[in-house]
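Novice: just the structure for this:
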Amino acid sequence: MRPLFTIKKTKGNGRGVFALTDIKKGRHVIRCDLTKLKTYSLEKLKKHPQRRSDHWDEAGRGKWVLDFSPASYVNHSCDPNCLTKYYTLKKKDIVARRDIKSGEEMTVDYSTGAIYGFNKKSHITAGAGIMKCRCNSKKCRKIITDDFFELPKGLQREYFKNLPPSIKRKFVKRPKR
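Specialist: Have a look, this model is predicted:
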């Protein structure tokens, strides 16, 4: 089977994931399983030499991982062509949100996976948070928020079903339908 993507340099955003073939809406693109990665407390992660990279992810229960899988190279867009479907905090899939053309960079909206935003204490300590957006899409919100519930209500409704089951149970009354 022909590979679906490659990782290569982008214009201004480090490396990214690019489609090697046309991909239909709904197609599974990348699986990300963090369960086998070493976890770190925040204190140890802050001292890790690779901590400054963009490849760290919350693994739940106050633990963090450094992830260099293909999923960690998917860049942000406020109008992404992919979405993240969580099975647990440590297991997720990247799925095509719309048809993607060969050569097109695959993107997700980082705010829709801002799981650490559900636990304000952990994200502030970890140094995540609001980032300036550089996606330049027509729907650019200018910031990447660290809290899922700060997204526009329409996006909350669209992406809520893709959150980890534990988060959906805890916040079942949000977003407002």
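
Novice: any idea how far stretch 149-163 is from the middle of the chain?
Specialist: Averaged C-alpha coordinates place stretch 149-163 at 14 Å from its chain's average position (Cα atoms, centre = their mean, to the nearest Å).

Novice: and it, what's buried?
Specialist: 151, 155, 156, 158, 159, 160, 162, 163 (16 or more other Cβ atoms under 10 Å). C-beta here means a position set from N, CA and C on the backbone, and glycine is covered the same way.

Novice: against residue 112, how distant is the first one?
Specialist: Noted for residue 151: a distance of 7 Å to residue 112, by Cβ to Cβ, to the nearest Å.

Novice: where does pLDDT dip in the protein?
Specialist: For the chain, the stretches flagged by pLDDT under 70 are 49-54, 114-129, 173-177.

Novice: do you have the strands of it handy? List them.
Specialist: 5-9, 15-19, 28-33, 39-40, 56-60, 63-66, 75-76, 82-88, 91-96, 105-108, 131-132, 143-144 (DSSP state E).

Novice: got those strands as CSV, with distance to residue 171 and mean neighbour count columns?
Specialist: Listed next are the strands of the chain as CSV, based on distance: least, Cβ to Cβ, whole Å; neighbours: other Cβ atoms under 10 Å:
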stretch, distance to residue 171, mean neighbour count
strand 5-9, 32, 14
strand 15-19, 29, 19
strand 28-33, 22, 17
strand 39-40, 24, 18
strand 56-60, 15, 20
strand 63-66, 21, 21
strand 75-76, 22, 20
strand 82-88, 13, 19
strand 91-96, 18, 19
strand 105-108, 20, 23
strand 131-132, 23, 10
strand 143-144, 20, 16
